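S.K.: Give the three-dimensional model of this entry:
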Amino acid sequence: MPKSIPTSAKTTLNQPGLPVETITLDVTGMKCAGCVGVVERQLSSNPGVSKACVNLVTGVAVVEYQAGEVEPTVLAERLTSKGFPSQPRLPETEQGTKSQDRLTPAQRHQQEARAYRQQL
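M.R.: This next block holds a predicted model:
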């Protein structure tokens with residue numbers, strides 16, 4: 001008996017010719033491998049998403065999706081509503097030149113915590 005095709009794959013198969021794009025999301029709130037699985041499933045369940053790969057250590061999700069099927073901001077909003085605050089990462093050319101703009105979410109958090117402790 002053939003296995004069923006996941007919904008995201010069905011969408012991909014039904015929309016030939018649409019370009020596949022990749023977006024990187026900064027995701028916070030993940031504490032364990034179980035959280036990674038939840039985030040990957042949440043992302044993969046969106047129509048138009050063909051692949052989602054999440055890294056717990058870096059707090060990054062890389063998502064392949066069909067252009068026009070879903071917007072990166074919508075993916076981030078849906079993850080945020082499920083308890084994993086997210087935002088699309090800006091391309092290098094749009095990030096600016098400040099060193100803080102190039103920090104990962106974890107590094108930014110550490111820097112903010114250090115600054116807060118110094119104020120005390």
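
S.K.: Leu25: what secondary structure?
M.R.: strand (DSSP: H, G, I helix; E, B strand; the rest coil).

S.K.: That one: how many residues sit nearby?
M.R.: 23 (other C-beta atoms under 10 Å). C-beta: built from backbone N, CA, C; applies to glycine.

S.K.: do Gln42 as well
M.R.: Quick note: Gln42 (other C-beta under 10 Å) scores 21 neighbours.

S.K.: Phi first, then psi, for it.
M.R.: phi -60, psi -40 (degrees, to the nearest 10).

S.K.: And Glu112, by the same measure?
M.R.: According to degrees, to the nearest 10, Glu112 has phi -70, psi -40.

S.K.: Could you do Ala67 as well?
M.R.: phi -60, psi 140.

S.K.: for it, what are its contacts?
M.R.: 18-21 (C-beta atoms under 8 Å, 6 or more residues apart in numbering).

S.K.: How confident is the prediction for it, by pLDDT?
M.R.: You'll see Ala67 listed with a pLDDT of 87.

S.K.: can you tell me how far it sits from Arg114?
M.R.: 40 Å (C-beta to C-beta, to the nearest Å).

S.K.: hang on, the earlier thing: so of the contacts of Ala67, which ones are in strands?
M.R.: 20-21 (DSSP state E).

S.K.: how about the contacts of Ala67 in a markdown table, adding neighbour count and pLDDT?
M.R.: Formatted as a markdown table, the contacts of Ala67 follow (neighbours: other C-beta atoms under 10 Å; pLDDT from 0 to 100):
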| residue | neighbour count | pLDDT |
| --- | --- | --- |
| Leu18 | 15 | 76 |
| Pro19 | 8 | 87 |
| Val20 | 13 | 90 |
| Glu21 | 15 | 92 |
